[in-house]
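Q: below: sequence and its predicted model.
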Amino acid sequence: MRSPAGGWVLPVVVGVVAWWLGQHVPVIGAPVLGIVFGLFIGQFAGQPAAWERGTQFNANRVLQASIVLLGAGMSLGQIAEIGGAGLPVMLGTIVVAVASGLLLIRVLRIDRETGILVTYGTTICGASAIVTMSQVIKARATAIAVSVAVIVLYNVLAALAFPALGLSFGFTPETFGLWAGTAVNDTSSVVAAATSFDAQLIATGAVVGPVAASAYAVVVKLTRTLMLIPLAVFQQWFGNRSLPEGERGTAVWWRMVPGFLVLFLLAAALRTVGAIPDAAGPWLKTAAHLGTTIAMSAVGMSSSLRAIRAAGWRPLALGGILWALVALTALGLQAATGQLQFLR
């Protein structure tokens, strides 16, 4: 259990078991089962340091590979259409989240570095945004750790709660995909929530359209991730205004483009030109679903409830308020733009 192999093997074993159970209990969903089982194991075993390399690989690389597989099931035309349609919702929620976050940092009297990292982690893409912005503002390790702990909490809650909320509201896959892709913090939880929603929706016997919620949510989320580039430039300017030359943070824009995003678009291009046959679609979807479940098992194993408790109530309150604001603003903007649709 405590050897390095545990970090590599256990997420795969837990993920396969959760995926198998998910086929028999689709009302819960395999990714949700994976993260719950992973959380139990992580807290029971105490998260040995020897696991870190393996769990991080499964949580990040396996998830990224699953996203690329989802791209292989879509055309470039679909990606452009989804990304363009969701842009007003994404931009509106970004403005609300950043403005509210900068205000709440003062109201709640939160450490500036921690507040900024939690704000951008909630606004854009979770831990990835935190890592990027920490370089821009030269944040302390403590602020980074606290911010990641806050984001992890709301990632887990989103993966568990969003599918149930989407089903109770009667959202279509497109509506749920846009909502989850905009309102859920981290890419892993976006994919998990949307995949679970798809499985649960199919289990109800509902007739759905050609684009699954998981595919829709991934495109929205990756489009949203690209917003990190202009926001990092903004934060660099905003934070550097009153600092001496030697203390100013820096950000190189091209280093912020995720490599798996490029591969996602390449896979979609191959599908568009027919290099990936339609017959491969079901196999690719199954592999992506299994990979997502394995990744969520690793996320659960590496999530520390102790670190979340140690963060204190102020950063947790900031993350929760911003999360709720983004979720509600997204629904409002979807309604305003005619993209809030319900199953009949």
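A: Now that the structure is in, tell me what you want to look at. Residues are numbered from 1 along each chain as shown.
Q: residue 236 contacts residue 136, doesn't it?
A: Yes. Residue 236 is in contact with residue 136 according to CB atoms under 8 Å; the separation is 5.1 Å. Using the backbone N, CA and C atoms, a C-beta is placed for each residue, glycine as well.
Q: so which of these two has more stuff around it?
A: residue 136 (23 against 17; other CB atoms under 10 Å).
Q: distance of the more buried one relative to residue 89?
A: 25 Å (CB to CB, to the nearest Å).
Q: what of residue 60?
A: 27 Å.
Q: between these two, tell me which one has more neighbours.
A: Higher neighbour count among residue 60 and residue 89: residue 89, with 26 against 18, using other CB under 10 Å.
Q: doesn't residue 333 make contact with the more buried one?
A: Yes. Residue 89 lies in contact with residue 333 (CB under 8 Å); the separation is 4.4 Å.
Q: can you count the residues close to residue 56?
A: Neighbourhood size, residue 56 [other CB under 10 Å]: 14.
Q: give me every residue that touches it.
A: By CB atoms under 8 Å, 6 or more residues apart in numbering, the residues touching residue 56 are 7, 298, 302.
Q: pLDDT weak spots in the chain?
A: Residues of the chain that meet the criterion pLDDT under 70 lie in 1-2, 25-28, 141, 207-210, 239-258.
Q: who are the contact partners of the residue lying closest to residue 124 once chain neighbours are set aside?
A: Spatial nearest neighbour of residue 124, excluding adjacent residues (CB to CB, 6 or more residues apart in numbering): residue 228 at 4.9 Å. Residue 228 makes contact with 120, 124-125, 128-129, 132, 256, according to CB under 8 Å, 6+ apart.
Q: ok, of these, which one's closest to residue 73?
A: Nearest to residue 73 out of the contacts of residue 228 is residue 125 (CB to CB; 21.9 Å).
Q: who touches that closest one in this structure?
A: 185-187, 221, 224-225, 228.
Q: which of the residues you listed has the most neighbours?
A: Busiest of those [other CB under 10 Å] is residue 185, holding 31 neighbours.
Q: does it belong to a helix, a strand or coil?
A: Classification of residue 185 using DSSP: H, G, I helix; E, B strand; the rest coil returns coil.
Q: wait, it touches residue 119, no?
A: No. In this structure residue 185 lies outside contact range of residue 119 using CB under 8 Å: 11.3 Å.
Q: what do the two both touch?
A: Joint contacts of residue 185 and residue 119 (CB under 8 Å, 6+ apart) do not exist.
Q: what is the nearest of the contacts of residue 125 to residue 23?
A: So of the contacts of residue 125, ranked by how close each gets to residue 23 (CB to CB), first place is residue 187, at 24.1 Å.
Q: longest single helix anywhere in this protein?
A: helix 76-107 (DSSP state H).
Q: show me what secondary structure element comes after that helix.
A: helix 112-120 (DSSP states H and E).
Q: list the buried residues of that next one.
A: The neighbour-count check on helix 112-120 (16 or more other CB atoms under 10 Å) flags 113-120 as buried.
Q: in a markdown table, list the residues you listed along with distance to residue 320.
A: Listed next are the buried residues of helix 112-120 as a markdown table, based on distance: CB to CB, whole Å:
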| residue | distance to residue 320 |
| --- | --- |
| 113 | 19 |
| 114 | 14 |
| 115 | 13 |
| 116 | 17 |
| 117 | 15 |
| 118 | 10 |
| 119 | 13 |
| 120 | 16 |
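Q: what's the closest of those residues to residue 328?
A: residue 119 (16.7 Å).
Q: contacts only, for the closest one.
A: Contacts of residue 119 (CB under 8 Å, 6+ apart): 97-98, 101-102, 105, 318, 322.
Q: can you check residue 194 too?
A: Contacts of residue 194 (CB under 8 Å, 6+ apart): 176-177, 180-181, 212-214, 216-218.
Q: can you put the residues you listed in JSON lines and add neighbour count, secondary structure and distance to residue 52?
A: What follows is the contacts of residue 194, written out as JSON lines (neighbours: other CB atoms under 10 Å; DSSP: H, G, I helix; E, B strand; the rest coil; distance: CB to CB, whole Å):
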{"residue": "176", "neighbour count": "28", "secondary structure": "helix", "distance to residue 52": "33"}
{"residue": "177", "neighbour count": "30", "secondary structure": "helix", "distance to residue 52": "32"}
{"residue": "180", "neighbour count": "33", "secondary structure": "helix", "distance to residue 52": "28"}
{"residue": "181", "neighbour count": "31", "secondary structure": "helix", "distance to residue 52": "29"}
{"residue": "212", "neighbour count": "25", "secondary structure": "coil", "distance to residue 52": "33"}
{"residue": "213", "neighbour count": "30", "secondary structure": "helix", "distance to residue 52": "32"}
{"residue": "214", "neighbour count": "31", "secondary structure": "helix", "distance to residue 52": "28"}
{"residue": "216", "neighbour count": "29", "secondary structure": "helix", "distance to residue 52": "33"}
{"residue": "217", "neighbour count": "33", "secondary structure": "helix", "distance to residue 52": "28"}
{"residue": "218", "neighbour count": "29", "secondary structure": "helix", "distance to residue 52": "26"}
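Q: with that, I have no additional questions.
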